[in-house]
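> build me a structure from this.
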Amino acid sequence: MMMLLEIVLPIFVLIGLGYASARKKWVSDEGLRGLSDFVFRLAMPCLIFNGATSPHQGGGATALAFFSGCLAAYALAMLVARFVLRMKLGEAGTFGLNAAFGNTAMIGIPLVLAFYGEAGLAQLLAIVGLHSLILLPIGTIVGEIAQSGRAPVLKILKSTLVSVAQNPIVIAVTLGFVVYQAQIPVPEAARRFLQMTGLAAAPTALFCLGATLVAFDARRDWPSALLCSALKLLCMPLLVWLVGRAIGLPPLQMAVALLAAAMPTGANAFFLSRRYNAGAERSGATVLLSTLLSVFTVAALTLMLQAG
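Numbers count the residues shown, from 1 in each chain. Have a look, this model is predicted:
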């Protein structure tokens, strides 16, 4: 239990400090934007590239278990939204995305690194690299079908894929994979730079995440946001666990897949819902609520994983 507190508590304390800093204006908006740019354009890509080019086992089976459960959670949430909550297709699509798109980078990477080190990070990178490439195009297709006639689906899908492919995190994963598979050596000076810069990624990302939560309000849409949070934090890890058991996933890979599945809803789901004007308030409320509730659900999951 003490080990759990020593690892998990600082993560959520940093998120809380980021929230308080933005709320109380301890750090200016310009300063927060600068921190965000630093972590996503430099520090996090350095951390990821360093991990991807270090000796590791492939994460294909981990990604298979994760995305099987992830897409099942997406479909289940859409069905619940359509036939139980009686939402329109566009809102049901964003509800499904909220229940499947997790914050695997900002919280997942620091958490996996803290528990499982570089070996765990190597498994997680297989998920991080495909996360946006798989889920955001699906969300885009559903959004365009719901608003048929507004713009050609293929055109919007192409722009979404281009945008994702320009994401520094996706670029870092891809380049790291190419360098590792081609067995291109990374010079020692470059390795030290990657390590030094990457050390700043996790704490800065958590601080920035807390700051972004100030923009979300859960007061109006909390019942449906709470249901969606339950699907994300409880149902999706269960589905990933079932798939992992079925394919015989080893302990480390299973733990990483489960932790990735248990991450709260990522802000990209909110941005997509705002683009299509389909339940943006509910999506923002889900980001906030799921992040707050993940303090307890992630702690419970890590306890179970530590217990074996």
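> longest helix in the protein, please.
helix 109-146 (DSSP state H).
> that helix: which residues count as buried?
109-116, 119-144, 146 (16 or more other Cβ atoms under 10 Å). (Glycine included, C-beta is placed from N, CA and C.)
> any low-confidence regions in the stretch 151-300 of the chain?
151-157, 159-160 (pLDDT under 70).
> go again with 80.
Applying pLDDT under 80 to the stretch 151-300 of the chain flags residues 151-167, 170, 217-220, 274-278.
> quick one: the helices in it?
153-165, 168-181, 188-198, 201-212, 222-230, 236-246, 251-261, 267-275, 280-307 (DSSP state H, counting those that start in this stretch).
> switch those over to TSV; also include mean neighbour count and distance to residue 41.
Output for the helices of the stretch 151-300 of the chain, formatted as TSV (neighbours: other Cβ atoms under 10 Å; distance: least, Cβ to Cβ, whole Å):
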stretch	mean neighbour count	distance to residue 41
helix 153-165	14	15
helix 168-181	18	5
helix 188-198	14	11
helix 201-212	23	11
helix 222-230	20	30
helix 236-246	19	29
helix 251-261	25	23
helix 267-275	21	16
helix 280-307	20	22
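> now do residue 260 against residue 59, distance only.
According to Cβ to Cβ, to the nearest Å, residue 260 and residue 59 sit 10 Å apart.
> then residue 217?
On the measure of Cβ to Cβ, residue 217 and residue 59 end up 37 Å apart.
> same question, residue 230
27 Å.
> any idea which residue sits dead centre in this structure?
residue 103 (2.2 Å; Cα atoms, centre = their mean).
> what sits against it?
By Cβ atoms under 8 Å, 6 or more residues apart in numbering, the residues touching residue 103 are 209, 263-267, 291.
> for it, give me the pLDDT.
Looking at residue 103, its pLDDT stands at 90.
> okay, now the residue nearest to it when sequence neighbours are not counted: neighbour count?
Nearest residue to residue 103, sequence neighbours excluded (Cβ to Cβ, 6 or more residues apart in numbering): residue 266, at 4.3 Å. By the criterion of other Cβ atoms under 10 Å, residue 266 has 27 neighbours.
> so residue 266 makes contact with residue 287?
Yes: between residue 266 and residue 287 there is a contact under Cβ atoms under 8 Å: 7.4 Å.
> quick revisit: intersection of neighbour lists for residue 260 and residue 59?
In terms of Cβ under 8 Å, 6+ apart, residue 260 and residue 59 are both contacted by the residues 124, 127.
> ok, now how distant is residue 105 from residue 43?
Counting by Cβ to Cβ, the gap from residue 105 to residue 43 is 11 Å.
> more crowded one of these two?
Neighbours of residue 105 and residue 43, each counted by other Cβ under 10 Å, are more numerous for residue 105; the result is 26 against 22.
> who touches stretch 132-149?
67, 70-71, 74, 78, 88-90, 92-94, 96-97, 100-101, 150-151, 153, 156-157, 160-161, 164-165, 167, 170, 268-269, 272, 275-276, 278.
> what about residue 215, how many neighbours?
Count around residue 215 with other Cβ under 10 Å applied: 12.
> how far away is the nearest residue to it once chain neighbours are set aside from residue 291?
Spatial nearest neighbour of residue 215, chain neighbours left out: residue 284 (7.1 Å); criterion: Cβ to Cβ, 6+ apart. Between residue 284 and residue 291 the computed distance is 11 Å (Cβ to Cβ).
> now residue 138
Residue 138 is 23 Å from residue 291, by Cβ to Cβ.
> ok, now residue 110?
As for residue 110, its distance to residue 291 is 14 Å (criterion: Cβ to Cβ).
> again, but for residue 64
Taking Cβ to Cβ, one finds residue 64 at 27 Å from residue 291.
> same deal with residue 198?
For residue 198, the distance to residue 291 - Cβ to Cβ - is 23 Å.
> then residue 99?
14 Å.
> so how far is the longest helix of the chain off the chain centroid?
6 Å (Cα atoms, centre = their mean, to the nearest Å).
> from here on, count from 33
Got it, first residue is 33 now, which makes that one helix 141-178.
> now that helix: mean pLDDT?
In this model, helix 141-178 has a mean pLDDT of 85.
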